[in-house]
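Colleague: Quick one: sequence and predicted model below, then my questions.
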Amino acid sequence: LRLVPILASASRLVQDTLYVHLQPGLSLTGSTQPRSTYVPATSEVYTLISKLYADADVHSHLDVRVLLTNILNQGATPPALGSVQNLSQPPEVVLTDFETGDGGQSNPVKQRLERYATSCYSCRPNLISVLLYPEYELEAVVDGEVPLQPETSVTEEPLQSYSDVVVGGTFDRLHNGHKILLSVSCLLAEKRLLVGVSDKDLLESKVLKELILPYEQRMTQLSEFLVDVKPSLQYEIVPLLDRFGPSITDPHLKCIVVSEETLKGGLAVNRKRMENGLAELSVHEILLARDAQHGKNEEEKISSSSLRRRLLGTLLRPPRKDSSLPPFPYIIGLTGGSGSGKSSIAQHLAQLGAFHLDVDALGHNIYAPGGPVYHQVVEAFGGDILKEDGTIDRAVLGAKVFGDQGQLKRLTDIMWPVMAQMAKEKIKEAAAQGVAVCVLDAAVLLKAGWADMVHEIWTTIVPEEEAIRRILVRDGISEEAARRRLQSQMPSSQLVKHSHVVLCTMWELEDTYGQAEKAWSLLQKRLKEE
Ligand SMILES: CC(=O)SCCNC(=O)CCNC(=O)[C@H](O)C(C)(C)COP(=O)(O)OP(=O)(O)OC[C@H]1O[C@@H](n2cnc3c(N)ncnc32)[C@H](O)[C@@H]1OP(=O)(O)O
C-alpha cells in the first residue's frame, strides 16, 4: 500500500534512475548510526520486488533498479557487507519516506541517512537527502499508521536457490517486465546467471523488428543492469541464434526462469536436455506484469513491441543540421518500400497542411512524348517499350529493369538528375508561395543520394509478406515480379537506420493516420522551437 504513493512522490523528483535499497526495520532515529544488514531472500521479498517494478511502470521516464546486494540466498555464507558498491549512475540524492517532523538539512535523520547511503554505495560528492511526503490514501492509514503488510498474503518462506541459472529473451529496451524476470533470476542464482539474448533469425517474426536495438546495445544495457543489481554474480550473456542456445548443452545449469508465455519453451529445453543425457532443470515460472497504460491495439502485458509501437511517429534521432539547405520550406523526405503505404501517409500529411511532391509522378511526366528524357529512354531500352500511340509502356519498361540491377541503373542514371532538378524547382515554387513544410515523396530517396536535399527522413514500413500481398492486389503483377521489385529497393531495416521518423501502416487506417498526426504535431513543435 505504501509503494504506489512512494513511487509517485519519488517520480516527481527523479529524472532518470531510481535505485531502490531494501532495508526493513531500518531505524534512523536511534543513537547509533545504522549499517546495511542482510535481508533473507524470502517469497515476501520476491513479491515485493515484482510489485515494485509493476507499480513503477506508470512512471515511464523512471529507470528503476532494485538492488539485491544485501539480499541473502538461503544457506549462503554472508560475505562481509563492509565494501562500498559502485553503481553505474552514482546517486545524487537519497530519498526516504521516513517520518520526521522537521525536514531541514541539519535534521539528524537526514544526516544518518546520507552516512548510511554512502556506506553502501559510492554516491556523488555532496549527496543530499530528501524526505518524501507521499500522499498515502487516507483509507490505507489506520490510526495514523501506514500498514506495512503487502496486499496479498505472502509467506516468509525462504526461496529455493540454485548455483547456475539460465534465462532468455530479446531484452529490447529493458522494461519493468524484463526487470522482474532478471531480478527473479538474480534472486534464485547463487553463483552464475547465463542470459541468452535472441538475435538474427529469432527476431524475424517480431513486431516492428526493424526498430529492435542492435544486439550490442541490448547486451550492454542488460549487463549494466545486472551488475548494478547483483554484482556478486558471474554473468554470461550470449547471443541466441535458435530457441535453445546453451541451455540444452550446459551441464552446470540447475534452473531455468520462464514467463507464462515461455513456459512451453522451458519444458522443451528439458526434453532436449534429456535427449542430450543431461539432468532436467527446475522450471521457475514468473507471472507477466500488466501494462496499466496499454493502448487499444497493444498487448495487456508490459511488452517491448508496445514500446516499439509507441516510437512510431516520434523523432528517433536529431534532425541533421545543414547550413547549405535553406531552413524554409522544411523538407521531409518520405521514403519506404513498394507497398509500404507511403502514399496514404503522404496524402494524410497533405491534408494536415504539407505540400506533397510526388516524385514517382514527376518521373512519369518526364518520359511522356516531348518530355526531357523521352528520346534517351527509348534509345536506351529500344522501341519495344513503346505503345502504339508512341508513349512509353511503363509495365514493359518495369519488367525490363526490376530484377536487373544493370538495366535499372541505366534507367535511373538518365532519370534521377532530371527528376532532382525538377524537384528542386517545384520546392522553390512552393517556397515562393509561402509553403512551410514540403513532403518529398520518393521511394528510393536514399539510394538516389538525395538525403542532402531534405531536413528529415521519414520512412514507412510493413513486413515484406504484407508488402507483396498489397502489390499483388494493387498492381496485378506476378508474385515473382513483386519480389524482384522489392529486391531493387533498400530493405526496411536499412532505411530505418537512416530515418528520423518511422511509420508503420500494417494496422487499421485509423492507426496509420494517428501515427501521421502524431509525427505532424511533434514536427510542428520542433519547428516552433527552432
Ligand atoms: C529518388 C526517387 O525516389 S525517384 C522515384 C522512383 N522513380 C525512379 O527511380 C524512376 C525510375 N522508375 C520508373 O521510371 C518506373 O518506376 C518504372 C518505369 C520502372 C515502372 O513504372 P510503373 O510500372 O508505372 O511503376 P511505378 O513507377 O508506379 O513504380 C512501382 C513501384 O516501384 C518503385 N520504384 C520506382 N523506381 C524505382 C527504382 N529505381 N528502384 C526501386 N523501386 C522503384 C516506385 O516507387 C513504386 O513504389 P510504390 O509501389 O510504393 O508506389
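Modeller: Done, it's in. Since this is a predicted model, take the numbers as computed values, not measurements.
Colleague: residue ranges with poor pLDDT in this protein?
Modeller: The model of the chain has pLDDT under 70 over residues 81-82, 99-106, 137-155.
Colleague: So which residues on it come close to the ligand?
Modeller: With the criterion set to Cβ under 6 Å from any ligand atom, the chain comes near the ligand through 338-339, 342, 359-360, 363, 394-395, 397-398, 401, 408, 411-412, 415-416, 419, 442-445, 448, 450, 485, 488-489. All C-beta spots, glycine's among them, are computed from the backbone N, C-alpha and C.
Colleague: Check which residues of stretch 429-445 are buried.
Modeller: Across stretch 429-445, burial judged by 16 or more other Cβ atoms under 10 Å covers 430-431, 435, 437-445.
Colleague: all helices for the stretch 351-500 of the chain, in order.
Modeller: Taking DSSP state H, counting those that start in this stretch to define them, one finds helices in the stretch 351-500 of the chain at 359-366, 374-381, 394-401, 405-432, 464-475, 479-487, 492-497.
Colleague: Can you select the buried ones among the residues of the chain next to the ligand for me in PyMOL?
Modeller: The following PyMOL line selects those of those that are buried, judged by 16+ other Cβ under 10 Å:
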select buried, resi 338+339+342+359+363+397+398+401+408+411+412+415+416+419+442+443+444+445+448+450+485+488+489
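Colleague: center of this protein, which residue is that?
Modeller: Of all residues in the chain, the one closest to the mean position by Cα atoms, centre = their mean is Arg173, 4.2 Å from it.
Colleague: Apart from its neighbours in sequence, what residue is nearest that residue?
Modeller: The spatial neighbour of Arg173 that comes closest, neighbours along the chain excluded (Cβ to Cβ, 6 or more residues apart in numbering), is Leu307 at 5.1 Å.
Colleague: The one you found sits in which helix or strand?
Modeller: helix 304-311 (DSSP states H and E).
Colleague: list the helices and strands the helix or strand following that helix packs on?
Modeller: Per DSSP H and E, the first helix or strand lying C-terminal to helix 304-311 is strand 330-336. Strand 330-336 sits against helix 342-352, strand 437-441, strand 456-461, helix 492-497, helix 509-529, with contacts defined as 3 or more Cβ pairs under 8 Å, 6 or more residues apart in numbering; DSSP states H and E.
Colleague: strand partners of strand 330-336, parallel vs antiparallel please.
Modeller: Sheet pairing here is set by DSSP bridges, and for strand 330-336 it gives strand 437-441 (parallel), strand 456-461 (parallel).
Colleague: what's the angle from the first one to helix 405-432?
Modeller: Following axes from the mean of the first three to the mean of the last three Cα atoms, to 10 degrees, one obtains 160 degrees for the angle between strand 437-441 and helix 405-432.
Colleague: what does the last one give?
Modeller: For strand 456-461 against helix 405-432, the angle between stretch directions is 130 degrees (the same axes, to 10 degrees).
Colleague: Identify each buried residue in strand 456-461, please.
Modeller: Result for strand 456-461 [16+ other Cβ under 10 Å]: buried residues 456-461.
Colleague: if we can go back for a sec, off-centre distance for the helix holding Leu307?
Modeller: What separates the centre of helix 304-311 from the centre of its chain is 6 Å, taken as Cα atoms, centre = their mean, to the nearest Å.
Colleague: tell me which residues in it are buried?
Modeller: Quick answer for helix 304-311 (16+ other Cβ under 10 Å): 304-309.
Colleague: quick check, nearest of these to Leu1?
Modeller: Ser306 (27.6 Å; Cβ to Cβ).
Colleague: The closest one contacts Asn297, doesn't it?
Modeller: No: using Cβ atoms under 8 Å, Ser306 is not in contact with Asn297, being 9.1 Å away.
Colleague: quick one: contacts for the residue nearest to Arg173?
Modeller: If you count contacts by Cβ atoms under 8 Å, 6 or more residues apart in numbering, Leu307 has them with 172-173, 175.
Colleague: now the helix holding Leu307 and helix 509-529, what's the angle there?
Modeller: 50 degrees.
Colleague: Find the closest residue to the ligand in the stretch 1-150 of the chain.
Modeller: Per Cβ to the nearest ligand atom, the residue of the stretch 1-150 of the chain with the smallest distance to the ligand is Ser60, at 34.4 Å.
Colleague: what's the distance between that residue and Ser499?
Modeller: Look at Ser60 and Ser499: by Cβ to Cβ, to the nearest Å, they are 23 Å apart.
Colleague: neighbour-wise, which of those two wins?
Modeller: Taking neighbours as other Cβ atoms under 10 Å, Ser60 and Ser499 compare with Ser499 leading, 24 against 12.
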